[in-house]
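A predicted structure for the sequence below; I have some questions about it.
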Amino acid sequence: MIPTQAPFPALRFRRLRATAALRALAQENVLGCGDLIWPLFVRDGRSIREPVASMPGVERLSIDNIVKVAEEAASLGIPAICLFPYTDPALKTEACEEAWNPENLANRAIRAIKAAVPELAVMTDIALDPYNANGHDGLVRDGVILNDETIEALVRMALAQAEAGADILGPSDMMDGRIGALRGALEAAGHKNVAILSYAAKYASAFYGPFRDAVGASGALKGDKKTYQMNPGNSDEALRLVARDLSEGADMVMVKPGMPYLDICRRVKDAFGAPTYAYQVSGEYAMIRGAADRGWVDGDKVMMESLLAFKRAGCDGILTYFAPQAARILRAQ
């Protein structure tokens with residue numbers, strides 16, 4: 001409810017917009033480098049920087065180059081990166097055994113980054129789609145994505161990543177009950193300080209297309225993910241999912257995608273007050289970058305405005321492919 005206010009001319013809203021100094025003093029929400037998590041794609045090989053065609057400016061990086069990018073992130077004041085592996089198709093199976101191989105691509109990248117930049121937080125992805133011959137986040141039998149059996153696989157995957165040195169685990173699979181299983185397994189294995197940033201409200205969205213290109217899952221995916229990801233028409237369900245994940249031991253929660261679901265971000269933050277994040281996903285990035293590359297919008301200004309929207313909606317941080325560009329602008333201010 002808006003409180004009673006003085007009438008014009010006693011109240012002139014433009015007074016506090018008159019100068020840059022007054023605007024700064026009256027600004028309600030501020031974006032900083034510490035709000036950014038930079039998603040990165042890693043692939044096998046050496047000295048590789050492989051452009052992702054549907055995400056201009058984004059590349060798949062070999063481990064030696066991803067270490068250099070991690071060093072860049074730290075130098076820019078970005079506190080965390082998030083790793084997504086581009087797995088050799090020959091290693092993808094229906095049982096997804098490569099997901100918990102201690103020497104898989106993601107785990108080798110974690111160790112290399114933590115050895116070079118120990119102060120940088122490394123977040124990982126907990127889902128089977130990079131390793132699944134079916135392209136799904138869970139195990140598949142007779143066309144059905146299995147919940148409980150998938151959780152067992154995710155626990156093995158999480159323990160391997162924690163052992164490799166991951167600081168934050170990001171379960172993005174949307175299986176029921178996985179947060180409790182992961183938290184229990186981490187505690188039992190002595191990884192009590194490994195944080196869980198749960199993809200608690202992850203929608204079955206059309207905005208993920210370029211990401212699936214980047215991790216090589218587009219061609220493998222059979223069917224869709226509507227039986228485990230959220231219906232875009234639902235809002236109350238998101239609050240129930242967040243409540244469940246927090247009760248099972250999630251330290252932080254995420255809404256994904258970002259800008260089409262700012263209302264969900266606001267509701268989650270207001271309802272729970274827990275650390276709340278949003279993922280400005282690949283489709284959002286590609287639209288802004290594509291329009292900017294064609295001169296249709298001012299790329300830097302639209303980028304910064306889009307990121308500030310997440311803060312205004314109550315988010316404590318944002319996963320965004322714009323992280324390095326935004327950090328450079330913020331540091332120059």
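Yep, that arrived.

Run a quick neighbour tally on the nearest residue to P171 once chain neighbours are set aside.
Distances taken as CB to CB, 6 or more residues apart in numbering put I126 closest to P171, at 4.1 Å, once the chain neighbours are dropped. In this view, the C-beta of every residue, glycine as well, is placed from N, C-alpha and C. By other CB atoms under 10 Å, 26 other residues sit near I126.

so where's the longest helix in the chain?
For the chain, the helix that runs over the most residues, judged by DSSP state H, is helix 148-164.

counting contacts, what elements does that one pack onto?
Using 3 or more CB pairs under 8 Å, 6 or more residues apart in numbering; DSSP states H and E, the elements in contact with helix 148-164 are helix 105-116, strand 121-126, strand 168-171, helix 178-188.

To L262, which of the ones you listed lies closest?
For these, the distance to L262 is smallest for strand 168-171, at 20.3 Å, taking CB to CB.

Could you check how far the closest one is from the centre of its chain?
Centre-to-centre, strand 168-171 and its host chain are 9 Å apart (CA atoms, centre = their mean, to the nearest Å).

Note down every partner strand of that strand and its orientation.
The strands beside strand 168-171 in its sheet (DSSP bridges) come out as strand 121-126 (parallel), strand 195-202 (parallel).

which of the helices and strands packed on helix 148-164 sits most buried?
strand 168-171 (a mean of 26; mean count of other CB atoms under 10 Å).

N29 looks like it's in a strand, true?
No: counting by DSSP: H, G, I helix; E, B strand; the rest coil, N29 is located in no strand; its state is coil.

quick one: contacts for it?
By CB atoms under 8 Å, 6 or more residues apart in numbering, the residues touching N29 are 308, 311-312.

With C265 instead?
Listed by CB under 8 Å, 6+ apart, the contact partners of C265 are 255, 258, 276, 278, 310, 313-315.

List just the nearest of those to M55.
Lowest distance from M55 to the contacts of C265 (CB to CB) belongs to G258, with 15.3 Å.

OK, contacts around the closest one?
By CB under 8 Å, 6+ apart, the neighbours of G258 are 265, 278-281, 284, 310, 318.

same thing but at 6 Å, please
278-280 (CB atoms under 6 Å, 6 or more residues apart in numbering).

Now for those residues, which sits with the most neighbours around it?
Those, ranked by neighbours (other CB under 10 Å): first place A278, 30 neighbours.

From the contacts of N29, keep the buried residues only.
Neighbour counting with 16 or more other CB atoms under 10 Å marks 308, 311 as buried within the contacts of N29.

about what we covered before: the residue nearest to P171: what's it in contact with?
Each residue near I126 by CB under 6 Å, 6+ apart is listed here: 154, 157-158, 169, 171.

please redo it, this time with the cut-off set to 7 Å
For I126, the contact set (CB atoms under 7 Å, 6 or more residues apart in numbering) comprises 154, 157-158, 169-173.

Quickly name whichever of the residues you listed is closest to C96.
Distance to C96 across those (CB to CB) is lowest for M157, with 8.3 Å.

gap between that closest one and I37?
20 Å (CB to CB, to the nearest Å).

Which one's more surrounded, those two?
Under the neighbour definition other CB under 10 Å, M157 and I37 were set side by side, and M157 has more, 28 against 23.

give the contact list for the more buried one.
Residues near M157 by CB under 7 Å, 6+ apart: 99-100, 126.

Kindly report the same for R266.
313-314.

how close does it get to A309?
Counting by CB to CB - R266 and A309 are separated by 11 Å.

go on, T320?
11 Å.

Which of these two has more residues huddled nearby?
Neighbours per residue (other CB under 10 Å) separate T320 from A309, with T320 holding more: 25 against 19.

Look up which residues are beta-bridged to the more buried one.
Per DSSP bridges, residues listed as beta-bridge partners of T320: Q280.

quick one, what contacts it?
36, 280, 307.

Can you tell me how far the first one is from V155?
It refers to L36. Using CB to CB, L36 is found at 29 Å from V155.

the more surrounded of the two?
L36 (25 against 19).

What sits closest to that one if chain neighbours are left out?
Spatially, and ignoring its direct neighbours in sequence, L36 is nearest to A323 (4.3 Å; CB to CB, 6+ apart).

What residues does that neighbour make contact with?
Taking CB under 7 Å, 6+ apart, we find A323 in contact with 36-38, 78.

still on that earlier bit, reformat the strands paired with strand 168-171 into a markdown table and put mean pLDDT next to each item.
Conversion of the strands paired with strand 168-171 to a markdown table gives the following (pLDDT from 0 to 100):
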| stretch | mean pLDDT |
| --- | --- |
| strand 121-126 | 98 |
| strand 195-202 | 98 |
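
Now render the ones you listed as JSON lines, adding distance to V297.
Output for those, formatted as JSON lines (distance: least, CB to CB, whole Å):
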{"stretch": "strand 121-126", "distance to V297": "30"}
{"stretch": "strand 195-202", "distance to V297": "28"}
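
quick one, strands of the stretch 151-300 of the chain?
For the stretch 151-300 of the chain, the strands defined by DSSP state E, counting those that start in this stretch occupy 168-171, 195-202, 252-256, 276-280.
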